[in-house]
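**Student:** build me a model:
(one chain, ligands or ions: 2)
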Amino acid sequence: MGATEADPFAIFHTPPPNETAGERAAREATEAEQKRVSDQIDEQLKAEKLALKKQKYIVRVLLLGQSESGKSTTLKNFRMKYARDAWEAERLSWRSVIQLNVIRSIITIVETLQAEMDGEPLELAVPGSPLVTGHVPLTPSLESPGPSTFDYDPLSKEGASPAIASFTYRDRAGSISADAPGLSRTNSLSRQKAPLSTLLTGKHQLLKLRLGPLRRVEKDLQRLLGASAVEEQDGAAHAYGPLSLELESQALVGRRSTQEFGVVRLQEALERGVAKRASMLAMSQHGHGTSREGTPPPGSPDVGVDDATEVIASCLEDMKTLWTDEVVRVILRKRKLRLEDSAGFFLDDLDRIAKRDYEPSDDDVVRARLRTMGVQEYRIEFENKDTTLFSGGIGGDAGKEWILYDVGGSRTVRHAWIPYFDNVQAIIFLAPVSCFDERLAEDSRVNRLEDSFLLWRHVCGSKLLASSTMILFLNKCDILKKKLKAGIMVKKYMPSYGDRPNDVGHVVKYLKQKFIESLKENSPAQRSSYFYPTSVVDTKATSATISAVKDSIIRDYLKTADFV
Ligand SMILES: Nc1nc2c(ncn2[C@@H]2O[C@H](COP(=O)(O)OP(=O)(O)OP(=O)(O)O)[C@@H](O)[C@H]2O)c(=O)[nH]1
Ligand SMILES: [Mg+2]
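**Tutor:** Ligands and ions are numbered 1, 2, ... in the order given. Next up is the predicted model:
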């Protein structure tokens with residue numbers, strides 16, 4: 001502390017009576033320097049104390065759930081609503097991801113046509129035994145060992161693999177095929193007897209040729225983002241344990257191995273993408289590249305059009321022709337590819353996206369798909385206007401600063417979750433309820449809904465998370481609605497559903513009840529829990545949900561936090 005009039009030690013600083021002007025100036029300079037250093041230390045201490053206090057009052061929220069359950073999409077909703085500046089600043093950098101999504105869809109179509117031309121057989125799902133019910137297993141060894149020998153660990157690298165008995169097919173997104181009940185093909189093309197490959201003409205060959213440059217652009221964009229291609233592999237079969245729900249396996253749709261792109265550190269990838277793109281653009285403008293000048297979008301940092309955007313724009317008409325071609329559609333249906341329901345689907349928006357001045361909208365960013373491979377950490381600082389809970393409450397700013405952790409959901413990366421289980425205020429668990437008739441991409445023996453249940457049970461039972469608030473999003477209700485409307489019967493896959501009405505309201509209510517029962521049975525202690533039916537790609541509806549979720553988490557936090 002510097003000397004003041006009230007300072008009892010001021011006597012020690014009183015200048016000597018016979019001080020010369022020079023001595024006085026030197027003394028005052030020394031005192032000023034001492035005061036500066038002292039003030040600096042005070043500031044430092046204050047900042048450290050504040051940081052410590054803030055650290056203590058940080059709310060940690062973990063997003064959990066299987067792959068493609070909607071964790072990253074939920075996080076995007078949070079950031080869009082509560083970290084608007086960062087969201088706006090980042091939006092343009094999602095263009096590369098969306099372009100990559102578009103190209104992947106086109107290449108998937110081209111490869112499917114090629115498979116048809118080559119007469120490749122349709123992919124078969126792995127045969128197994130029924131999941132639960134009275135059906136006779138194919139091999140005695142696959143019979144359920146019963147509740148006492150439950151050994152499935154959804155957090156382990158391997159996990160177990162309840163087997164299924166069917167030789168059916170499924171698209172790369174795991175969506176129901178067009179041949180499912182209610183979706184039968186009416187197109188006369190699809191009923192024709194001759195091999196479909198005979199309908200592929202010179203036009204299709206030409207399209208394939210003209211769209212060839214997209215393969216190079218895909219590689220360029222992948223490099224730009226530092227994204228790795230992830231090919232899902234079927235896991236090995238293991239013993240399967242008791243099941244929380246009866247799930248009938250017979251008509252599960254099969255799953256092709258998928259190729260997706262993923263990144264370990266998303267934010268770095270996006271930043272790197274923008275920086276590299278700018279430097280490539282600069283090079284191209286100095287005559288080292290193939291880019292052409294274009295009209296810069298308003299507010300865009302680009303002054304021209306980069307190579308990837310240029311190639312995509314020049315392929316617009318061919319991409320549209322391919323996507324809208326009747327023969328192509330029939331072949332996609334035959335090969336059970338419903339791109340419309342798959343992650344990162346943008347082919348209906350080509351006119352807007354394959355443009356030289358394309359800038360992603362909020363909705364585009366929310367729908368863009370890049371698989372999470374590492375653990376992503378995002379900070380959000382809530383403001384007083386975001387909730388009434390902060391005003392005048394104990395703890396001052398407590399509860400305002402959050403860290404949201406987004407993890408990869410596939411089985412091979414779940415072991416990385418555990419270190420983040422410490423000191424977590426809340427879990428937001430994403431369970432896609434539309435996937436009652438789907439299997440895991442990483443293990444086609446496992447029903448996706450089953451995997452979600454087992455994972456939920458495991459998370460609820462974790463002692464490390466015993467006091468964490470549990471929030472469940474029964475997600476992808478929009479897709480569930482579509483499937484039920486198409487006539488797909490839940491009871492066919494889940495006999496325990498019985499004769500309840502086959503509509504979204506009843507299905508969601510039934511599943512919610514199952515999740516609640518599991519929470520009660522497995523939680524080590526009493527805890528707060530909240531359940532929401534969601535479609536997190538619907539940003540408007542999700543905005544209201546996350547606002548309620550935020551208030552619940554803060555309220556629980558303020559109730560339990562130690563402010564002493
Ligand atoms: N129609 C629909 N699509 C959804 C919904 N939630 C997520 N999606 C889509 O599903 C895909 C996967 O969502 P993500 O949020 O990336 O899934 P994730 O849980 O982060 O997956 P990993 O990173 O692999 O663990 C994306 O293309 C989303 O746009 C939903 O409620 N409805
Ligand atoms: Mg993710």
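**Student:** switch to C-alpha atoms for all contacts and neighbour counts from now on
**Tutor:** Will do.
**Student:** what residues does the stretch 351-500 of the chain have near ligand 2?
**Tutor:** Thr372 (Cα under 5 Å from the ion).
**Student:** again with the chain
**Tutor:** Residues of the chain lying close to ligand 2 (Cα under 5 Å from the ion) are Ser72, Thr372.
**Student:** any regions of the chain where pLDDT drops low?
**Tutor:** Across the chain, the ranges flagged by pLDDT under 70 are 1-5, 10-13, 53-55, 123-197, 228-260, 263-265, 272-274, 276-305, 391-396, 562-564.
**Student:** the longest helix in it is where?
**Tutor:** The residue-count maximum for a helix in the chain (DSSP state H) belongs to helix 21-56.
**Student:** distance from the chain centre to it, please.
**Tutor:** Computed by Cα atoms, centre = their mean, to the nearest Å, the chain-centroid distance of helix 21-56 equals 47 Å.
**Student:** same deal with stretch 481-488?
**Tutor:** Going by Cα atoms, centre = their mean, where stretch 481-488 is centred and where its chain is centred differ by 24 Å.
**Student:** that one and ligand 1, are they touching?
**Tutor:** No - remark: stretch 481-488 sits outside contact range of ligand 1, by Cα under 6 Å from any ligand atom, the gap being at least 9.6 Å.
**Student:** in that stretch, what's buried?
**Tutor:** Lys481, Lys483, Leu484, Ala486, Ile488 (16 or more other Cα atoms under 10 Å).
**Student:** and if you look at stretch 460-479?
**Tutor:** Using 16+ other Cα under 10 Å as the test for burial, stretch 460-479 gives 460-462, 464-479.
**Student:** now Glu90. Nearest residue, chain neighbours left out?
**Tutor:** If the residues on either side of it in the chain are set aside, Glu90 comes closest to Leu270, at 7.7 Å by Cα to Cα, 6 or more residues apart in numbering.
**Student:** tell me the contacts of the one you found?
**Tutor:** Residues in contact with Leu270 (Cα atoms under 8 Å, 6 or more residues apart in numbering) are Glu90, Ser93, Trp94, Leu225.
**Student:** which one of these is nearest Ala83?
**Tutor:** Glu90 (10.8 Å; Cα to Cα).
**Student:** tally of neighbours for the closest one?
**Tutor:** Neighbour count of Glu90, defined by other Cα atoms under 10 Å: 16.
**Student:** check which helix or strand the residue positioned nearest the centre of the chain maps to.
**Tutor:** Nearest residue to the geometric centre of the chain (Cα atoms, centre = their mean): Ser72, 2.6 Å. Per DSSP states H and E, Ser72 falls inside helix 71-82.
**Student:** what does the stretch 351-500 of the chain have sitting close to ligand 1?
**Tutor:** Arg367, Ala368, Arg369, Arg371, Thr372, Gly408, Gly409, Ser410, Asn475, Lys476, Asp478, Ile479.
**Student:** let's see it at 8 Å
**Tutor:** Residues of the stretch 351-500 of the chain lying near ligand 1 by Cα under 8 Å from any ligand atom: 366-373, 406-410, 430, 432, 475-479.
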